[in-house]
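S.K.: need a structure here:
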Amino acid sequence: MTPEKKRNEAGLPDGGWGWMIVASCFLVTICTRAVTRCISIFFVEFQMHFGHDYARTAWIHSLVDCNTMLFAPLGSLVGNKLSCRIAVISGGFLASAGLVTSSFATSLEYLYLTLGVLTGVGFALCYTPAITMVGTYFCKRKALAYGIAMSGSGIGTFLLAPAAQLLIERYSWRGALLIAGGFVANLCVCGALLRPVAPNGGLTTTAASADSEDASEVRQGCDPCSWLRGERGFLLRPRFVVLAASFVLLATGCSLPFVYLVPYALDVGVSYQQAALLMSILGVIDIVGNLTFGWLTDRRCLRQHRGMCYMLAVALEGLCCLVAPLLQSFGLLVPFAVLYGYFDGAYVTLIPVVTSDVVGPSHLSSALGVVYFLHAFPYLFSPPVGGVFGLWSLGFRIGTFSWQERELEPWKFCICKGSCVLRSCGQGCVSSDMVQTGSMCRGRVYKGSMWSDSVYKGSVCSGSVCKGSMWGGTVCIKAVCGW
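M.R.: I've put the predicted structure just below:
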């Protein structure tokens, strides 16, 4: 009888209650990563309500992502010292409280604290321990188990993106956040399912010697002292250092499409409904990437080459981002969403898998805390920096234009911060291409939606319909006002 069969007959992990752990982790990824992705749907509402530009509003998403990763070591520490169950339940309470209190926000700074910090820390307490628990229950089917668990991010994005928009339209952004808080409270239920691995002495000596690392994973995955005992040696392993560097570089760019895909699509003339559909497509294909790469890298022919599979997914994901600025229509953005979503799903699935392969199962909990911590600062700074680069690129492009102005009366248009290209349309009609660095014009507040078919109320062109779009803190407004 092979060691693997003896292992299974002994009732040790690689199935059984492990599938309930996978289901729990699946729901955790929906309530954490998918909800984080869908926060960008609230941005236009936040911007219009509080009167701030997109760059400042984007800090909300950055703070949620950053704190989820920044406090990942805290999640590992609580999971190791107390239990993964306590960590996830505590995080569920914090995240739900953050979303509920965000529904009463009176300023953007208030949202930074409640949605960005409180919810982000709650997600951190849930995310790493749940992922670690999957690794303590699975050996042979580890990549597949992680693929199923991590697919919650894509499935959640597909379902929650349109649902969030419908809730905003029906109950306003405050009501939508309140409902989201109740939904995220289900993290407490997920935590209750995270039953620790029961000690089992039925494993034979032969099996233990043949698969010592996996047995060590079962015994030590949630060891209360694993973080505090000399388990930091893996930090100096060359393979882990190289892997960590790749995580930092990839995290710098991989979050930008989730933040700017909708604004960029609107900027190139895609309707709001189609832009939201792009996010749904990305989410669905993300699921396919999770499952297929998880299944493929569990095959015997690829199990020893998971690192190469990871590098392939990373390279192709970067290539998708490289060609994104050339895509100027919905028809071209759909293939981008498909390819990027697929390889992002593969990358997300392989993070814990390749980390476990490099550091060993017994160090997985602590290593994942470090790995996700390394994502924190790229997630924090890359969206605002991406907004700045978006502003500069448009500024350089507009700098090649000439200023044209013909007999325009000052009261017929708002003077905005930035540069303008104006031309006369005759008949007293003004067509303006304005680049505005914020949502506030001097003496004018634009009320309504800024992304599509917004009506400027209270301005000199009251009653006229102005189509606008936004990309990275820069509002490109093409307004035709008939006086």
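
S.K.: wait, isn't Arg239 in contact with Val358?
M.R.: Yes: between Arg239 and Val358 a contact is recorded at 4.9 Å, counting by CB atoms under 8 Å. Where C-beta positions appear, they are placed from N, C-alpha and C, glycine not excepted.

S.K.: higher neighbour count, these two?
M.R.: For Arg239 versus Val358, neighbours defined as other CB atoms under 10 Å are more numerous around Val358 (22 against 13).

S.K.: element containing that one, please.
M.R.: For Val358, the host element (DSSP states H and E) is helix 330-359.

S.K.: what do you get for Val134?
M.R.: Counting by DSSP H and E, Val134 is found in helix 119-137.

S.K.: how far off helix 119-137 does the helix holding Val358 point, in degrees?
M.R.: 60 degrees (axes from the mean of the first three to the mean of the last three CA atoms, to 10 degrees).

S.K.: helices or strands up against helix 330-359?
M.R.: Using 3 or more CB pairs under 8 Å, 6 or more residues apart in numbering; DSSP states H and E as the contact test, the elements touching helix 330-359 are helix 119-137, helix 142-184, helix 238-254, helix 256-267, helix 272-296, helix 306-323, helix 364-374.

S.K.: what residues sit buried inside that helix?
M.R.: Under the neighbour-count criterion of 16 or more other CB atoms under 10 Å, helix 330-359 has 330, 333-334, 336-359 buried.

S.K.: over to stretch 294-301?
M.R.: In stretch 294-301, counting by 16+ other CB under 10 Å, buried: Gly294, Trp295, Leu296, Thr297, Asp298.

S.K.: let me know the closest of those to His363.
M.R.: Among the buried residues of stretch 294-301, Thr297 lies closest to His363 (CB to CB), at 20.1 Å.

S.K.: settle this for me: that closest one is touching Leu312, isn't it.
M.R.: No: using CB under 8 Å, Thr297 is not in contact with Leu312, being 10.8 Å away.

S.K.: wait, Leu77 sits on Val370?
M.R.: No: Leu77 lies out of contact with Val370 (CB under 8 Å); the separation is 11.6 Å.

S.K.: helix or strand with the lowest mean pLDDT in the chain?
M.R.: strand 418-424 (a mean of 32; mean pLDDT, DSSP states H and E).

S.K.: could you chop this protein up by domain?
M.R.: As assigned by automatic domain parsing, the chain contains the domains 13-196+214-384, 410-481.

S.K.: mean pLDDT lowest where, among these?
M.R.: Comparing mean pLDDT across those, the weakest is domain 410-481, with a mean of 34.

S.K.: need phi/psi at the nearest residue to Leu178 once chain neighbours are set aside.
M.R.: Using CB to CB, 6 or more residues apart in numbering and skipping residues adjacent in sequence, the residue nearest Leu178 is Ser103, 4.3 Å away. Reported as degrees, to the nearest 10, the phi and psi values for Ser103 are phi -70, psi -10.

S.K.: test my guess that Ser103 contacts Gly175.
M.R.: Yes: contact criterion CB under 8 Å: Ser103 and Gly175 qualify, at 7.2 Å.

S.K.: which one's more surrounded, those two?
M.R.: Ser103 (19 against 13).

S.K.: and the more buried one, how far from Arg174?
M.R.: Remark: distance between Ser103 and Arg174 (CB to CB, to the nearest Å) = 4 Å.

S.K.: repeat for Gly331
M.R.: 36 Å.

S.K.: now do Ile86
M.R.: According to CB to CB, Ile86 and Arg174 sit 31 Å apart.

S.K.: cool, and Gly135?
M.R.: The gap separating Gly135 from Arg174 is 39 Å, by CB to CB.

S.K.: comparing these two, which residue is more hemmed in?
M.R.: Gly135 (25 against 15).

S.K.: pretty sure that one contacts Ser356?
M.R.: Yes: shown here, Gly135 and Ser356 form a contact pair, counting by CB under 8 Å, at 5.8 Å.

S.K.: overlap of the contact sets of those two?
M.R.: Here Gly135 and Ser356 have Lys142, Leu364 as joint contacts, going by CB atoms under 8 Å, 6 or more residues apart in numbering.

S.K.: on that earlier part again, now the angle between helix 142-184 and the helix holding Val358, please.
M.R.: Interaxial angle of helix 330-359 relative to helix 142-184 (the same axes, to 10 degrees): 120 degrees.

S.K.: what's near enough to touch Ala275?
M.R.: Leu261, Val262, Ala265, Leu266.

S.K.: quick one: which of those is nearest Gly147?
M.R.: The closest of these, once distances to Gly147 are taken by CB to CB, is Leu261, at 23.3 Å.

S.K.: how about the contacts made by the closest residue to the closest one other than its chain neighbours?
M.R.: Spatial nearest neighbour of Leu261, chain neighbours left out: Leu278 (5.9 Å); criterion: CB to CB, 6+ apart. Contacts for Leu278 (CB under 8 Å, 6+ apart) come out as Leu261, Val262, Ala265, Val270, Phe330, Leu333, Val334, Ala337.

S.K.: do that again at 6 Å, thanks
M.R.: Leu278 makes contact with Leu261, Ala265, Leu333, Ala337 under the criterion CB atoms under 6 Å, 6 or more residues apart in numbering.

S.K.: so Val270 sits in a strand?
M.R.: No: the assignment for Val270, made by DSSP: H, G, I helix; E, B strand; the rest coil, is coil rather than a strand.

S.K.: was I right about it contacting Ser329?
M.R.: No: the pair Val270 / Ser329 is not scored as a contact, 7.4 Å apart, by CB atoms under 6 Å.

S.K.: so which helix or strand takes in Asp14?
M.R.: For Asp14, there is no enclosing helix or strand under DSSP H and E.

S.K.: how close does it sit to Leu177?
M.R.: 40 Å.

S.K.: one step back: who are the packing partners of the helix holding Val134?
M.R.: Counting contacts by 3 or more CB pairs under 6 Å, 6 or more residues apart in numbering; DSSP states H and E, helix 119-137 packs against helix 18-29, helix 54-70, helix 72-81, helix 84-102, helix 142-184, helix 364-374.

S.K.: and the fifth one, what other elements does it pack with?
M.R.: Using 3+ CB pairs under 6 Å, 6+ apart as the contact test, the elements touching helix 142-184 are helix 18-29, helix 35-38, helix 84-102, helix 119-137, helix 272-296, helix 330-359.

S.K.: list the buried residues in the next helix or strand after it.
M.R.: Later in the chain than helix 142-184, the nearest helix or strand by DSSP H and E is helix 187-192. Applying a neighbour-count criterion of 16+ other CB under 10 Å, the buried positions in helix 187-192 are Leu187, Cys188, Cys190, Gly191.

S.K.: cool, thanks, signing off.
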